[in-house]
Structures are given as C-alpha cells and as structure tokens.
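[1] sequence and computational prediction follow.
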Amino acid sequence: MTANKGTVLTVGEGANLNMLRVAPIDNIDAVSTFYKIPKYLQDEDIKKGDQVAFLSFADGTGVILAKM
C-alpha cells in the first residue's frame, strides 16, 4: 500500500461514476486504474486537474482519501 498526492486525470462516468483516474505529482505518466471515491467525498465536486491524496494497493486498486 502506498499513499501519494496526485492530479485527477479522468472523472468517471456511467459504470465508473464515483471513480477517478489519477497520476502521482512526481510521475504524471503513471496513470492509475479507476480509484473509488468514498461516500464522504462524493459531494466535493472533484474535477479534472484537482489535487487529491490517494492510496494505491499492490493489486492495482486504490481509493481517494481527500481533495487537497
């Protein structure tokens, strides 16, 4: 498990509605799979270009922790 700060690259739609794709600030080319936005952040209006804190797991999944 790795905690990181990154930039939102894609905001999910349809089946991925409450999901984001992010890239670490220090490696913008390391694009994640879609990471889950927990319920407590779903009203935060997170959009492309925003900075977020997130956790990445070894299996490629992850979760958004906070909007920065």
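    Arrived safely, thanks for sending. Residues are numbered from 1 along each chain as shown.
[2] tell me where the protein has helices.
    Using DSSP state H, the chain contains no helices.
[3] distance from the centroid: which residue in it tops it?
    Going by Cα atoms, centre = their mean, the residue of the chain most distant from its centre is Gly14, 16.5 Å out.
[4] once you drop chain neighbours, what's closest to Ser32?
    Leaving aside its chain neighbours, Ser32 sits nearest to Val22 (5.1 Å; criterion: Cβ to Cβ, 6 or more residues apart in numbering). Every residue, glycine included, has its C-beta placed from N, CA and C.
[5] separation between the one you found and Ile28?
    10 Å (Cβ to Cβ, to the nearest Å).
[6] joint contacts of those two?
    Contact criterion Cβ atoms under 8 Å, 6 or more residues apart in numbering; residues shared by Val22 and Ile28: Thr7.
[7] follow-up on the earlier one: and the residue farthest from the centre of the chain, how far from Ala3?
    Relative to Ala3, and taking Cβ to Cβ, Gly14 is found at 28 Å.
[8] wait, what's in contact with the residue farthest from the centre of the chain?
    Taking Cβ under 8 Å, 6+ apart, one finds nothing in contact with Gly14.
[9] Val22 and Ile28: who's more crowded?
    Neighbour count, other Cβ atoms under 10 Å: between Val22 and Ile28, Val22 has more, with 27 against 11.
[10] close enough to count as contact, that one and Lys67?
    No - with contact taken as Cβ atoms under 8 Å, Val22 and Lys67 are classed as non-touching, separated by 11.4 Å.
[11] common neighbours of those two, please.
    What both Val22 and Lys67 touch, as defined by Cβ under 8 Å, 6+ apart, is the set Val52.
[12] show me where this protein has its strands.
    2-11, 19-24, 35-36, 51-56, 62-67 (DSSP state E).
[13] got those as a markdown table, with distance to Glu44 and mean pLDDT columns?
    Below are the strands of the chain laid out as a markdown table (distance: least, Cβ to Cβ, whole Å; pLDDT from 0 to 100):
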| stretch | distance to Glu44 | mean pLDDT |
| --- | --- | --- |
| strand 2-11 | 11 | 93 |
| strand 19-24 | 11 | 94 |
| strand 35-36 | 14 | 93 |
| strand 51-56 | 9 | 96 |
| strand 62-67 | 5 | 95 |
